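Peer 1: Using only what follows, build the 3D model:
(one chain, ligands or ions: 1)
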Amino acid sequence: MAGFDDSLRGYAFRIHQRDGFKCRYCGLDGTTSFANWLALSWDHLLPKGHPNRDNLGFIVTACNFCNTADNRYFDQAQKRGLRFHGLTPEELVAQRRPYVQRTRDNYEEFWNKHVRK
Ligand SMILES: [Zn+2]
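Peer 2: Have a look, this model is predicted:
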């Protein structure tokens, strides 16, 4: 949006708009509550140094938790046998989702045990 230089109203707005304001990993929906919208961020699908890293087609909506859930993803890529070249954004999201989900599952277990009323 013209005139806003912060991420939610500026840079990330068109990414979020394209993705329907939903986290591409967990589905958190920024249209259903203000708090959800505030929790939205964006995620680079390609590692530093990749020529398409900053291409908006390869940056997707992610909530803050999913964005950092597997923050060693690119460092671990070789060990995990992941590749990035020649994959579509959809394939890159699908490749990353299980690693994000694993972290979410671990946190959910903690939440159920220690936080949930
Ligand atoms: Zn999420």
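Peer 1: Can you tell me the SS state at residue 43?
Peer 2: Of the three states, residue 43 takes strand under DSSP: H, G, I helix; E, B strand; the rest coil.
Peer 1: average pLDDT for stretch 22-40?
Peer 2: Averaging pLDDT along stretch 22-40 gives 98.
Peer 1: The lowest-mean-pLDDT helix or strand in the chain: which residues count as buried?
Peer 2: Lowest by mean pLDDT, DSSP states H and E among the helices and strands of the chain is helix 73-80, with a mean of 93. By 16 or more other C-beta atoms under 10 Å, the buried positions in helix 73-80 come out as 73, 74. Quick note: C-beta positions are derived from backbone N, CA and C, even for glycine.
Peer 1: Leaving out chain neighbours, which residue sits closest to residue 69?
Peer 2: residue 103 (3.9 Å; C-beta to C-beta, 6 or more residues apart in numbering).
Peer 1: same check, this time on residue 5
Peer 2: residue 11 (7.9 Å).
Peer 1: Show me which residues of the chain sit near the ion.
Peer 2: Contact residues (C-beta under 5 Å from the ion) of the chain with the ion: 23, 25, 26, 28, 63, 66.
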